[in-house]
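**Q** Show me how the following folds:
(chains A and B)
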Amino acid sequence: AQSVSQHNHHVILSEAASLELGCNYSYGGTVNLFWYVQYPGQHLQLLLKYFSGDPLVKGIKGFEAEFIKSKFSFNLRKPSVQWSDTAEYFCAVRGGYQKVTFGTGTKLQVIP
Amino acid sequence: DAGITQSPRHKVTETGTPVTLRCHQTENHRYMYWYRQDPGHGLRLIHYSYGVKDTDKGEVSDGYSVSRSKTEDFLLTLESATSSQTSVYFCAISESKDRNTEAFFGQGTRLTVV
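**A** Just a heads-up that it's a prediction; the model follows:
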């Protein structure tokens, strides 16, 4: 069965600090990988996605993620966070039978 | 935003009553999913569908059933609601991973079982 592990449950950063959120997945076959963001009271929105090709993918709002196949990882990064990045971030994998499985999420709090 | 509508958006119900949540899509996507979101658990898959009348269980399917009689509608039924089913429920739609598209989410339904 596929699974996703997010290592950080709650991260607090000051504005302009760099961000890296960890995500590891388990699945033996071809996967699609995603990062979604959920602002308070809202539904999930896609930040970025990986299907194939260049393992470094860029998303919206200055976010990027790197797929490292040998480590089964898909970590999210941003060089300089803003207060408006305060939200919950979810890593997800689509693997077998088109199931989309999510991690438990990381709450990011950015302090002005 | 993708054409996904969840109804109702909010519902309060009593323990032991049946409840049906509806997800309607206008994108003609093949795959549809129901998730519940709870603090500390992220989104957990309840059931999903890979076509009309084709459904399968997710990781937290006990106490839930689903039906998909049309491509555009995916219904989630709580057969006898319990307080542990108080949650926010999200519907999602997707094409196959060969199509290189992401899953799109509805706005969510906040269900409270009292």
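**Q** contacts for the lengthiest strand in chain B?
**A** In chain B, with assignment by DSSP state E, the single longest strand is strand B:42-51. For strand B:42-51, the external contacting residues (Cβ atoms under 8 Å, 6 or more residues apart in numbering or on different chains) are A:6, A:44, A:90, A:97-105, B:30-38, B:55-61, B:64-66, B:68, B:71, B:74, B:76, B:89-90. No exception for glycine: its C-beta is placed from N, CA and C like everyone else's.
**Q** Any chance of a PyMOL selection covering the buried ones in these?
**A** The buried subset of the contacts of strand B:42-51, as determined by 16 or more other Cβ atoms under 10 Å in any protein chain shown, is captured in PyMOL by this line:
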select buried, (chain A and resi 6+44+90+98+99+100+101+102+103+104+105) or (chain B and resi 30+31+32+33+34+35+36+37+55+58+60+61+64+65+66+68+74+76+89+90)
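**Q** What about the contacts of strand B:42-51, which are in strands?
**A** Counting by DSSP E, the part of these found in strands is A:6, A:90, A:100-102, B:31-38, B:55-57, B:64-66, B:68, B:74, B:76, B:89-90.
**Q** now for the lowest-mean-pLDDT helix or strand in chain A, which elements pack on it?
**A** When the helices and strands of chain A are scored by mean pLDDT, DSSP states H and E, strand A:100-102 comes last with a mean of 91. Here strand A:100-102 touches strand A:3-6, strand A:87-94, strand B:42-51, going by 3 or more Cβ pairs under 8 Å, 6 or more residues apart in numbering or on different chains; DSSP states H and E.
**Q** quick one: strands adjacent to the first one?
**A** The reference is to strand A:3-6. If you go by DSSP bridges, strand A:3-6 pairs up with strand A:23-26 (antiparallel).
**Q** Distance from the chain centre to the strand it pairs with, please.
**A** Distance of strand A:23-26 from its chain centroid, counting by Cα atoms, centre = their mean, to the nearest Å, is 10 Å.
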